[in-house]
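J.: Test case, fold it:
(one chain, ligands or ions: 2)
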Amino acid sequence: MRAFDYVRATDTREAVRLLADDPAASCLAGGTTQLDLMKDGILEPPRLIDITRLPLHGIEHRGESVHVGALVTMEELAADATVAERLPMVREALLLGASVQLRNMATIGGNLLQRTRCRYFRDPTVGECNKRSPGSGCAAVQGAARMHAVLGASERCIALHASDLAVALVALDAVVHIQGPAESRSVPLTEFYLTADVSPERENVLEHAELITGVEIPLPPSAARSGYLKVRDRASYEFALASAAVLLVVEGGTIRQARVGLGGVGTKPWRAYEAEHVLTGAPATTATFLQAAEATMRDAWTVPGTEFKVPLARRTLVRELQNVSRVMA
Ligand code: FAD
Ligand code: SF4
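T.: Ligands and ions are numbered 1, 2, ... in the order given. The predicted structure is shown next:
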């Protein structure tokens, strides 16, 4: 690892100013992504601004939403009583991610900004990687692609966004609060991420020196039921091959409201609007669920090694729609 300066900020505006003063500086939260990439020589910031002492640790219930500070850990959010009661798919997505040790370090802001697990991105000896080195090509399209994406993918980049939490949060219309050097702004999570077919090297709309200060999660109606299903190669401590975050309101056998997010398949946490369109107003039956899954995966772009993800994602979505609608019956 290259030597770097370490600075601890205690005030949000000070942290933003320190970042703004140095275009190559990075911030450090739990460090579970940032330090790995520095040890591997993928990131080499000359200066790290430690933000863990900033006052962004609270979980507040404000009317019909939950405001989560960016430095709340994954374990803390999963343990929140309102999240457990009203947002089960958020809790499940958190608890199915990483390990207890990691979840006690990893923050919500860092989780949303975690970098891809693409093995070629993380290997500095690989020259072809448009994400690390724009214009150099993509080693993964003809390489080992099992853990890569099929939605928002192209020959430019097929890197998966591996966050489980973000899949649940895009489905719930969560909003990211951001503090920059000049102003603060709020961005819906559905507009926060960019797909790799458009800009492999730029994954989201955050500018340098902007900090995520928190995430606002609207609470769904009390009649809603939700869940998160994660399919992976082993039962714990593994990233998703396919996952589905599903929220339904069903009345008299008809789906009144549907929210669907998909993970393990997208270059960004994927909001499945096509599925929601098929589901809303339709009977809560397996035939409807199959149609919704078909519509969602219609535009998948595969390479040798990722074709299996298309039927797997369809089956994962159908299974979770069945699980959630069964709870409501
Ligand atoms: P850091 O590593 O400190 O930061 C990550 C990035 O975000 C850095 O670029 C940093 O500069 C930036 N950053 C952090 N906070 C802010 C902020 N507030 N504002 C602006 N920029 C910020 N995740 C899953 O979802 N599911 C899994 O199954 C899973 N398994 C994992 C297994 C392993 C072995 C590991 C190492 C990680 C796994 N993860 C998984 C990823 C893990 O959840 C993330 O590494 C973690 O959430 C990142 O949070 P952090 O606080 O450690 O971020
Ligand atoms: Fe790089 Fe993306 Fe290709 Fe991976 S998939 S090698 S991150 S360009």
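J.: Get me the contact residues on the stretch 151-300 of the chain for ligand 1.
T.: With Cβ under 6 Å from any ligand atom as the criterion, the stretch 151-300 of the chain meets ligand 1 at residues A162, S163, D164, L165, L211, I212, F239. In short, each C-beta sits where N, CA and C put it, glycine included.
J.: Ok, the stretch 1-150 of the chain next?
T.: So far as Cβ under 6 Å from any ligand atom goes, the stretch 1-150 of the chain lies against ligand 1 at 26-34, 36, 70, 97-98, 102, 105-107, 109-111, 113-114.
J.: Show the contacting residues for the residue lying closest to E207 once chain neighbours are set aside.
T.: Of all residues not flanking E207 in the chain, G180 sits nearest, at 6.5 Å (Cβ to Cβ, 6 or more residues apart in numbering). G180 is in contact with V16, E207, A209, E210, L211, counting by Cβ atoms under 8 Å, 6 or more residues apart in numbering.
J.: Mind listing the residues bridging to L247?
T.: In this structure, L247 bridges to S226, R259 when assessed by DSSP bridges.
J.: For ligand 1, see how far away it is.
T.: 19 Å (Cβ to the nearest ligand atom, to the nearest Å).
J.: and what of P221?
T.: Distance from P221 to ligand 1, by Cβ to the nearest ligand atom: 26 Å.
J.: could you dump stretch 321-329 to CSV, C-alpha only?
T.: Taking Å, rounded to 0.1, in the frame of the first residue of the first chain, the C-alpha atoms of stretch 321-329 are listed here in CSV:
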residue,chain,number,x,y,z
LEU,A,321,-43.5,-12.6,-5.4
GLN,A,322,-45.1,-15.9,-4.3
ASN,A,323,-43.5,-15.7,-0.8
VAL,A,324,-44.7,-12.1,-0.2
SER,A,325,-48.2,-12.6,-1.6
ARG,A,326,-48.6,-15.8,0.5
VAL,A,327,-47.9,-13.8,3.7
MET,A,328,-50.8,-11.6,2.7
ALA,A,329,-53.3,-14.4,1.9
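J.: Done for today, thanks.
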